[in-house]
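S.K.: Provide a 3D model corresponding to the input given below.
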Amino acid sequence: MKIDITWRNLPKDNHETVRHTVETLAERHLKPALEAFEHALPHVRLTLEKRKLDHRVTARIQLPPRKVLVAQSSDPLLDKALHNTLEELARQAERHRAHISHQHDWKRKARRRRLRELKSRLDALTPEAQQQVEVSLASLLPRLESWLRHELTYLRANGLLADDYPTLADVRDEMYVRIQRRWDEVPHDEEGLYRVAIRVTTEILEEETRRLHADEQLVSLEDEVPEDAMEQAEDMVGEEIGEFYQPDEDLYVEDLIADTEIPGPEEAAQAEAVDACYELLGALPSLWRRALTLVHREGLPPEVVANLILGIEEEELRQVLTLSERFLRDHLAERGLGIQDVPTLLAR
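M.R.: Sure, this is the predicted structure:
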């Protein structure tokens, strides 16, 4: 792996120290992610820029088949900006490697086979019991799928799951079968069953996360090579005007009718705080995020979340909630949104 660095407004006296830091971080984060591409001699291009208030680091790398990855981060501390940028670049490389090896295709076949094996063990359930399971779980689906959709979004955004695998339906189907297998051991009331469904779903997501990072990554040799980005750009010559065309002169009905549902200043500020809060959840560790959403968004008792779902002590859960709420509150204040009540925002 070759690394080229472009320096902007950084003292020459620090170049050697910074280069050593870059090589150390690249060895730790990038090298494992680029092992499958060693034959292509990966070439990383870094741009380090000192600005008035912070440092900005931009990293670019081209991987076969002609895929350009770009990561960028800014921070007052150069080391932290370097760490975040190279970590993000490694995450993108791993996702690209998973994509070109078509892991989602063969993993989905393996999942179907596993589900068939699980279903074959459900013969002990009578038809009446199987119908009861279906009806009981169906009533929980809207609430459960809402939580699951949030979890999948955060896990994919952080590179812990592939973009298209597992799907919501994949996780939901396996949750169905696992609960059917344990039907005699789980509570049958709606709230108790929902807690078990959350726990089983969390177990499935954790297994998929571990499997993604443990499975060997392979590059497919059978698929056609996608069109190069430069070739795509050449094909689009002369079409630039279409990309920026804005038909401002066209008049629509909504331009003539007043919007009676425009929120007031307070409602708009509250909605902005809620959006920012959910955005910041993505920066939290999975354990912290799940603790917050399960307690404040789903309204589950802390003792149930700690003992039944997350498998931690109640005291540890209290510490996690305190620290994560403080993190969100401080970052919301930094964005100029004032001191917010995090549990209230998540419950909206």
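S.K.: buried residues, stretch 171-183. List them.
M.R.: Neighbour counts using 16 or more other C-beta atoms under 10 Å place 171-181, 183 of stretch 171-183 among the buried residues. Quick note: C-beta positions are derived from backbone N, CA and C, even for glycine.
S.K.: phi first, then psi, for the closest residue to Gly299 other than its chain neighbours.
M.R.: Among residues not flanking Gly299 along the chain, Ala347 sits closest, at 7.5 Å (C-beta to C-beta, 6 or more residues apart in numbering). Note on Ala347: its backbone torsions stand at phi -80, psi -10 [degrees, to the nearest 10].
S.K.: for Ala347, grab the count of nearby residues.
M.R.: Counted with other C-beta atoms under 10 Å, the neighbours of Ala347 add up to 13.
S.K.: residue contacts, it?
M.R.: Counting by C-beta atoms under 8 Å, 6 or more residues apart in numbering, Ala347 makes contact with 296-297, 299.
S.K.: still on that earlier bit, out of the buried residues of stretch 171-183, flag the one nearest to Glu191.
M.R.: Distance to Glu191, by C-beta to C-beta, is smallest for Ile179 among the buried residues of stretch 171-183, at 14.7 Å.
S.K.: for the helix or strand that the closest one is a member of, packing partners?
M.R.: Using DSSP states H and E, the element containing Ile179 is helix 168-181. For helix 168-181, the elements it packs on are helix 103-120, helix 127-138, helix 141-157, helix 190-214, judged by 3 or more C-beta pairs under 8 Å, 6 or more residues apart in numbering; DSSP states H and E.
S.K.: and the angle for the second one with helix 190-214?
M.R.: Between the axis of helix 127-138 and that of helix 190-214 there is an angle of 80 degrees, by axes from the mean of the first three to the mean of the last three C-alpha atoms, to 10 degrees.
S.K.: and helix 127-138 with helix 141-157, angle?
M.R.: 60 degrees.
S.K.: I'd like the average pLDDT over the helix holding Ile179.
M.R.: Taken as a whole, helix 168-181 has a mean pLDDT of 83.
S.K.: that one: how far from the chain's middle?
M.R.: 21 Å (C-alpha atoms, centre = their mean, to the nearest Å).
S.K.: just the angle between that helix and helix 127-138, please?
M.R.: Angle, helix 168-181 to helix 127-138, by the same axes, to 10 degrees: 140 degrees.
S.K.: what about stretch 52-71, average pLDDT?
M.R.: Stretch 52-71 comes out at a mean pLDDT of 86.
S.K.: check stretch 16-29 too.
M.R.: Here the average pLDDT along stretch 16-29 is 89.
S.K.: circling back: Gly336: which of the contacts of Ala347 is nearest?
M.R.: Looking across the contacts of Ala347 and measuring by C-beta to C-beta, the closest to Gly336 is His296, at 23.0 Å.
S.K.: name the residues of stretch 157-167 that are buried.
M.R.: 158-162, 165-166.
S.K.: now stretch 32-41
M.R.: 33-34, 36-37.
S.K.: and stretch 76-87, by the same measure?
M.R.: 78, 81-87.
S.K.: domain-wise, how is this structure divided?
M.R.: 2-100, 104-214, 265-347 (automatic domain parsing).
S.K.: show me the shaky parts of the stretch 51-200 of the chain.
M.R.: Along the stretch 51-200 of the chain, segments meeting pLDDT under 70 span 66, 99-127, 129-130.
S.K.: how much space separates Ala306 from Gln319?
M.R.: Distance, Ala306 to Gln319, using C-beta to C-beta, to the nearest Å: 11 Å.
S.K.: try Leu328
M.R.: For Leu328, the distance to Gln319 equals 15 Å [C-beta to C-beta].
S.K.: what does Arg290 give?
M.R.: For Arg290 relative to Gln319 (C-beta to C-beta), the value is 15 Å.
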